[in-house]
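In: Return atomic coordinates for the entry below.
(chains A and B)
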Amino acid sequence: MKNLEVAKMLYEIADILEAQDVQFKPRAYRNAARSIEELSEDIVDIWKRGELEEIPGVGENISKKIAEYLETGRLRYYTELKKEFPVNLEELGKVEGLGPKRAIMLYKKLGVRNLEDLKKAVGQHKIRELEGFGEKNEQKIAEGIGLAAESGKRMLLSQIMPMAQELERKLHSLKEVEKVDVVGSYRRRKETIGDLDILVVSKNAAKVMDFFTKIEDGLKVLVKGPAKSSVLLSSGLQVDLRVFNESDYGAAMLYFTGSKEHNIVLRTHAISKRMKLSEYGLFRGERKVAAKSEEEVYRALGLKQWIPPELRENMGEIGTSLKGKLPDLVELKDIRGDLHCHTDWSEGRSSIEEMAGMGKSLGYEYMIISDHGGTLVPIARCMNEKKILEQGKRIDALNKKLDGMTLLKGCETNIKDDGSIDVSNATLKTLDIATTAIHTKFKMPKKEMTKRIITAMENEHIDIIAHPTGRLIGSRAPLDFDFDEVLDAAKRTGTVLEINSYPERLDLDYLHIFKSRGKTRFTLGTDAHEKAQMRFMEFGVAQARRGWCEKKDILNALPLKELRKTFGF
DNA sequence: GCCGTTTTCGGCCCGACTGTTTTCAGTCG
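Out: Numbers count the residues shown, from 1 in each chain, chains lettered A, B, ... in the order given. Model (predicted):
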């Protein structure tokens, strides 16, 4: 997968062009880079099909450059630029307050090429003497170097959520605060969060800013103004807070929820209607047309529906809302059961009874017990076939005692290198729903990997492929296989792809879900290894929503009777 | 360099904060 490599190169070209005061091109390169970064498909495949120009933001010139790079392994245009400016802009850009222009300036005047050089220049107090820099800037850069290692580290949504909720509570405790909302990528329920954006309604902004900049856990105040302040928490999380009037709050919510791309399209749309949109409202000339609520602003722009935050990723949501055709997104309350759970029969930490108790308290109609089973060693405490059958009997017995909820017999088996399953068909047949997944040998040629997964799907006893891409956010890359072929196989064999709700997995991710919607349905499973983790369902639902899923796309929104029919048990 | 419910040419989001300026540039989101 060369996507990130190509994106990085385009970002760097953008930075160098910007440092040279080139107009508009930097943005063009950045747009292209961002699209490529977010592709769910390998750019090499797109190039081979001759469809580079179909990528949003990639036109004739950039596509030629990408093709040259993929074909020859280098891009002359880029190497020329780098020869002129041999600067590690990616590294230097992580220093707060240092952008491409100043970085290039530091190279020209002081020969700074990377973080190491920058440290030296700061140490020798050379930066303060440069025109346009000064003592304070030098000091800021010195602090920025220390923080650079920490910054840019994104945290999982599940780690951020408790912090966000606590900040919300603290701000609410201040009597001057009328409203608090955590917005930004948190509100859009992105799988990882870089920083938190908080909006507050208050008539006493100064008081709120004083309170916020002295907040417990604050490590450093980055910015403090009458309308905006930023604090770096000791956890490394940056929190931005803005205070607004009640009357502008909707426009502010809209603006700070983003995404940036959603906003740009929305603002451009406003211009086309001879209006101007900012965080203070939608204006026609001097007159404020709408600002109080998001609904009001969207409506005034001619959109027929309010766009849920999870959809605001510039994937066609604005055009779709103009036509009034947005999906009616699945909600947590639609989910009638968890279809991926472990217990202490394999590597889980809670008993079947404890898990069932949790399922009941969540109001579920059913849930599966899908412990690890099979012969592949690396999986902790895999059940052998005898134990799988024994567990099945135990579940049957428990079901007679359980009132109002049904336990389903399941097992998470393993896909061997050749695509066969490490549990016999005879045993798989005794299960209500059979799940399988890749847990070994994550690297093999794309063709082989594709065949391996499809072979598993063709086993008539297999119902679900769990965490299909195998990625672990921040630590393991997704498996390399042809997703379209697997999608076709899902349609053909009736095998379902899972949306794994475990925060490090969230697999399928929203781009794959978006692409698959309508071609196959999905199951949601938490992959809980203890009862409390069954609450991860909300993250899976969020991911499904980000992939535009409706209730009908999710199998565990079905009543048990329908689920039985679908899986034939 | 890209793109089109205003356009195939002529535009390209917008405002806050900071530091260094004496009216603004750079950075950030």
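In: doesn't A:Asn556 make contact with A:Leu563?
Out: Yes. Here A:Leu563 reaches A:Asn556: they are 7.1 Å apart, a contact under CB atoms under 8 Å. The C-beta positions use only the backbone N, C-alpha and C, and glycine is treated the same way.
In: Close to DNA strand B: what parts of the stretch 201-350 of chain A are there?
Out: Contact residues, the stretch 201-350 of chain A versus DNA strand B (CB under 7 Å from any atom of the strand): A:223-228, A:238, A:240, A:256, A:260, A:263-264, A:267-269, A:271-273, A:276-280, A:319.
In: and stretch A:167-187, how far apart are its ends?
Out: 14 Å (CA to CA, to the nearest Å).
In: just to revisit the earlier point, drop anything exposed from the residues of the stretch 201-350 of chain A next to DNA strand B.
Out: Using 16 or more other CB atoms under 10 Å as the burial test, those include A:238, A:240, A:256, A:263, A:267, A:269, A:277, A:279-280 as buried.
In: Between all of these, which two are at the greatest distance?
Out: A:Gln238 and A:His269 (30.2 Å; CB to CB).
In: quick one on the thing from earlier: the more surrounded of A:Leu563 and A:Asn556?
Out: A:Asn556 (27 against 23; other CB atoms under 10 Å).
In: Show the model's pLDDT score for the more buried one.
Out: Per-residue pLDDT puts A:Asn556 at 95.
In: list the contacts for A:Ile307?
Out: A:262, A:298, A:317-318, A:321, A:326 (CB atoms under 8 Å, 6 or more residues apart in numbering).
In: ah, wrong one, I meant A:His125
Out: Residues near A:His125 by CB under 8 Å, 6+ apart: A:Glu138.
In: Quick check on it: phi, psi?
Out: phi 50, psi 40 (degrees, to the nearest 10).
In: so the residue of the stretch 301-450 of chain A found nearest DNA strand B, which of the three states?
Out: Per CB to the nearest atom of the strand, A:Gly319 is where the stretch 301-450 of chain A lies closest to DNA strand B, at 6.4 Å. With DSSP: H, G, I helix; E, B strand; the rest coil as the basis, A:Gly319 sits in helix.
In: Can you tell me what sits against stretch A:202-217?
Out: A:167, A:170-171, A:174, A:176-178, A:200, A:221, A:224-227, A:229, A:231, A:233-235, A:241, A:243, A:245.
In: what's the helix or strand of chain A with the lowest mean pLDDT packed up against?
Out: Every helix and strand of chain A was ranked by mean pLDDT, DSSP states H and E. The lowest is helix A:134-148, at a mean of 82. Secondary-structure packing of helix A:134-148 (3 or more CB pairs under 8 Å, 6 or more residues apart in numbering; DSSP states H and E): helix A:115-123.
In: Give the rounded mean pLDDT of the helix it packs on.
Out: 87.
In: quick one, it and helix A:134-148 angle?
Out: Angle between the axes of helix A:115-123 and helix A:134-148 is 140 degrees (criterion: axes from the mean of the first three to the mean of the last three CA atoms, to 10 degrees).
In: tell me which residues of helix A:115-123 are tucked away?
Out: The neighbour-count check on helix A:115-123 (16+ other CB under 10 Å) flags A:115, A:117-118, A:121-122 as buried.
In: same thing with stretch A:132-139?
Out: A:133, A:137-138.
In: Quick one: check that stretch for contact with DNA strand B.
Out: Yes. Counting by CB under 7 Å from any atom of the strand, DNA strand B has neighbours in stretch A:132-139: A:132-138.
In: Could you point out which of the buried residues of helix A:115-123 is nearest to A:Lys387?
Out: A:Leu115 (53.7 Å).
In: Now do the helices in the stretch 351-500 of chain A.
Out: A:352-361, A:385-401, A:425-429, A:446-458, A:483-493 (DSSP state H, counting those that start in this stretch).
In: Export those as TSV, with columns for distance to DNA strand B and mean pLDDT.
Out: Shown next, in TSV, are those (distance: least, CB to the nearest atom of the strand, whole Å; pLDDT from 0 to 100):
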stretch	distance to DNA strand B	mean pLDDT
helix A:352-361	37	95
helix A:385-401	49	94
helix A:425-429	48	95
helix A:446-458	27	95
helix A:483-493	22	95
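In: Could you export the ones you listed as JSON lines, including mean neighbour count?
Out: Shown next, in JSON lines, are the helices of the stretch 351-500 of chain A (neighbours: other CB atoms under 10 Å):
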{"stretch": "helix A:352-361", "mean neighbour count": "18"}
{"stretch": "helix A:385-401", "mean neighbour count": "15"}
{"stretch": "helix A:425-429", "mean neighbour count": "15"}
{"stretch": "helix A:446-458", "mean neighbour count": "19"}
{"stretch": "helix A:483-493", "mean neighbour count": "17"}
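In: got the contact list for A:Val58?
Out: A:Val58 neighbours (CB under 8 Å, 6+ apart): A:32, A:35-36, A:52, A:66.
In: so A:Ile454 makes contact with A:Ala489?
Out: Yes. The criterion here is CB under 8 Å, and A:Ile454 meets it with A:Ala489 at 4.5 Å.
In: Minimum distance to DNA strand B, which residue of the stretch 401-550 of chain A gives it?
Out: A:Leu511 (17.9 Å).
In: Am I right that that residue sits in a strand?
Out: No. Counting by three-state DSSP, A:Leu511 is not part of a strand but helix.
In: Can you tell me the closest non-neighbouring residue to it?
Out: Spatial nearest neighbour of A:Leu511, chain neighbours left out: A:Ser40 (4.0 Å); criterion: CB to CB, 6 or more residues apart in numbering.
In: Likewise for A:Gly359?
Out: Closest to A:Gly359 by CB to CB, 6+ apart is A:Met367, at 4.1 Å.
In: go on, A:Leu524?
Out: Closest to A:Leu524 by CB to CB, 6+ apart is A:Gly540, at 4.5 Å.
In: Which helix or strand contains the one you found?
Out: helix A:537-546 (DSSP states H and E).
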